[in-house]
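Enquirer: predicted model follows, preceded by the sequence.
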Amino acid sequence: VLEGETLGGQIAFAPQVDNYPGLPGMSGGEFAQQLTQQAEVQGAEILPEPVTAMRTRDGLVEITVPQARYTARALILATGVSHRKLGLPGEDELVGAGVSYCAVCDGAFYRDRPVAVVGGGNVAMQEALFLAQSCAQVTLIHRRDQFRGEHRLAEQVLRRDNIQVLLSHVPAALLQEDGQLTGLKVRSVKDGREQVLAVDGLFAAVGQQPRNQIFANLVMTDDDGY
């Protein structure tokens, strides 16, 4: 098993996993750790190496990593997904300086400070609830007029005093000073009105995209790239 990033994939960043059959509630990190241990007990050898190239030759699959090359008769692609970005100017430059895609990873940096979360699915609501435990104010921004995620999570979000919900709004611009995020401009999708939110952190939870680019010449994908 060649893993170039985090064992367990996206589940490792989930604040809480309480809907997996047969297991009590635990953090995504704990769940990923147990999955890894189980695989190793069954004989899997897990190597922390990113795949940089792949091709087929003489009936075998040849896989290149930075320090080695492997060949195999068969290959299973389980490359998962990566976080989808907001697509705002300056977003890449502000990653780690106010912009994040993982509340579990970076939420501690914003204790007692105002933050915003963009998204309306389960992940966005979980991130907002997680951040509300330590942040002074959390603004949850969603482009639709109702959440897409589970009703149970939506009820929890609406009950939290320090979570402000902005439905039918989209992020319009990132505000920064000296390379640090200082605020977010949002726009109403109904009337076009804009307002500025003074936030120190912005967490994007607007979906995911497949990480199959390196295998594009060897496999067929659907319209979304999966």
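Expert: Received the coordinates, thanks.

Enquirer: helices of the chain, residue ranges please.
Expert: 28-41, 103-106, 122-132, 151-159 (DSSP state H).

Enquirer: distance of the residue minimising distance to the centre of the chain from Leu197?
Expert: Of all residues in the chain, the one closest to the mean position by CA atoms, centre = their mean is His83, 4.4 Å from it. Applying CB to CB, to the nearest Å, the value for His83 to Leu197 is 21 Å. Glycine gets a C-beta too; all of them are placed from N, C-alpha and C.

Enquirer: can you count the residues close to Asp200?
Expert: Applying other CB atoms under 10 Å, we find 18 other residues in the vicinity of Asp200.

Enquirer: tell me the backbone dihedrals of it, please.
Expert: Taking degrees, to the nearest 10, you get phi -90, psi -20 for the backbone angles of Asp200.

Enquirer: quick one, what contacts it?
Expert: Gly98, Tyr110, Arg113, Pro114, Val115, Leu181, Thr182 (CB atoms under 8 Å, 6 or more residues apart in numbering).

Enquirer: pLDDT at the closest residue to Leu47 other than its chain neighbours, what is it?
Expert: Leaving aside its sequence neighbours, Leu47 sits nearest to Leu2 (CB to CB, 6 or more residues apart in numbering; 5.5 Å). Confidence per residue is given as pLDDT, and for Leu2 that number is 94.

Enquirer: got it, and Ala14?
Expert: 77.

Enquirer: and what of Val117?
Expert: Looking at Val117, its pLDDT reads 98.

Enquirer: next, the distance between the ends of stretch 10-19.
Expert: Start and end residues of stretch 10-19 are separated by 16 Å (CA to CA, to the nearest Å).

Enquirer: one more: stretch 132-148?
Expert: Counting by CA to CA, the length from the leading to the trailing residue of stretch 132-148 is 20 Å.

Enquirer: for it, what is the distance to the chain centroid?
Expert: Here stretch 132-148 is found 16 Å from its chain centre; the criterion is CA atoms, centre = their mean, to the nearest Å.

Enquirer: need the contact list for the residue lying farthest from the centre of the chain.
Expert: Summary for the chain: using CA atoms, centre = their mean, the residue whose C-alpha lies farthest from the chain's mean C-alpha position is Asp58, with a distance of 38.5 Å. Contact analysis of Asp58 by CB under 8 Å, 6+ apart lists nothing.

Enquirer: one more: Leu35?
Expert: Contacts for Leu35 were tallied using CB under 8 Å, 6+ apart; they are Leu7, Gly8.

Enquirer: what does stretch 99-114 contact?
Expert: Applying CB under 8 Å, 6+ apart, the contact partners of stretch 99-114 are 13-15, 27-29, 83, 85, 91, 95, 117, 126-127, 130-131, 134-139, 174, 181, 197-205.

Enquirer: returning to that earlier point: give me whichever of the helices of the chain is most buried.
Expert: Using mean count of other CB atoms under 10 Å, the stretch among these with the greatest mean number of neighbours is helix 122-132 (a mean of 25).
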